[in-house]
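Engineer: quick one: sequence plus predicted model below, questions after.
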Amino acid sequence: MISGTANRSGDPLPQAADTAPALLQPLLPWWRALPRQEGAMPLWTGELVFDLKPWLGHLLMARFPRDGSGAHYTLYGSGLVEFTGRDLTGRGLRDASKSPGFKLTADSYVTTRQTGRAHWSRVRVDLPGGDKVRYDRLLLPFACADGDARVLGAIRFDRRLPRHWDADDMRLTIEQEALLA
């Protein structure tokens, strides 16, 4: 289940956080059941996208090239584009947005890739005018046959907000996070 669970200040998480990964079912057990490449991470294949069909609008994928060049988004779901007003496909993982807190949330993808472990986080988005929305994010690492690595992300928003703000005007804050066993 969850290991190393703490909020950004290092304090234990509230009880509700222990059930957060359940909100992202069936993705976590699906990923856990995939065959592992030499006991490590599952191997990403194009066929896996069929299993993900119900989630496609809320998925994103970051690719980490084996040559060490910068990671970039290779998929950015339509539901995410609708929320942010911007498609980040093809953009660099760390420089795709100027929104405060974006680089910190991008660091989670790097941690997921480096540890080979699933990563859950609870993120707050502060919008202009005082609106706030929260979402749960599950990051799943994969190896690729070509030597690259990928991190698949699934986002589940608590509620939908109308598009009435510029994407650079939002602020992202990780409220809780955990590497999952």
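Structural biologist: Ah, there it is.
Engineer: quick one, longest helix in the protein?
Structural biologist: helix 102-115 (DSSP state H).
Engineer: touching that helix from outside, list them.
Structural biologist: 62, 64, 71, 93-94, 96, 118-119, 121, 123, 137, 139-141, 149, 151, 153, 172, 174, 177, 179 (CB atoms under 8 Å, 6 or more residues apart in numbering). The C-beta positions use only the backbone N, C-alpha and C, and glycine is treated the same way.
Engineer: buried sites along it?
Structural biologist: Of all the residues in helix 102-115, those buried under the rule 16 or more other CB atoms under 10 Å are 102, 105, 106, 108, 109, 112, 113.
Engineer: same check on stretch 88-99?
Structural biologist: 88, 93, 96, 97, 99.
Engineer: do you know how far the fourth one is from residue 106?
Structural biologist: So the one you mean is residue 97. 9 Å (CB to CB, to the nearest Å).
Engineer: and the first one, by the same measure?
Structural biologist: Note on residue 88: its distance to residue 106, by CB to CB, is 10 Å.
Engineer: ok, back up a step: CA atoms of the longest helix of the chain as CSV?
Structural biologist: What follows is helix 102-115, C-alpha atoms only, in CSV (Å, rounded to 0.1, in the frame of the first residue of the first chain):
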residue,chain,number,x,y,z
PHE,A,102,5.0,23.5,-11.9
LYS,A,103,8.7,22.6,-11.6
LEU,A,104,8.1,21.1,-8.2
THR,A,105,5.3,18.9,-9.6
ALA,A,106,7.5,17.9,-12.6
ASP,A,107,10.1,16.7,-10.1
SER,A,108,7.7,13.9,-9.1
TYR,A,109,8.0,12.4,-12.5
VAL,A,110,11.8,12.3,-12.2
THR,A,111,11.5,10.7,-8.7
THR,A,112,9.1,8.1,-10.2
ARG,A,113,11.4,7.3,-13.0
GLN,A,114,14.5,7.1,-10.8
THR,A,115,12.9,4.9,-8.1
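Engineer: picking that back up, what do residue 88 and residue 106 both touch?
Structural biologist: residue 96.
Engineer: Provide a list of residues in contact with residue 34.
Structural biologist: Per CB under 8 Å, 6+ apart, neighbours of residue 34: 42, 43, 48.
Engineer: which of those fall in helices?
Structural biologist: residue 48.
Engineer: if any of the contacts of residue 34 are buried, put those into a PyMOL selection.
Structural biologist: Buried subset of these, written as a PyMOL selection, criterion 16+ other CB under 10 Å:
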select buried, resi 42+43
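Engineer: just put the contacts of residue 34 in CSV and tack on distance to residue 159 and pLDDT.
Structural biologist: CSV is the format used below for these (distance: CB to CB, whole Å; pLDDT from 0 to 100):
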residue, distance to residue 159, pLDDT
42, 32, 92
43, 36, 89
48, 29, 85
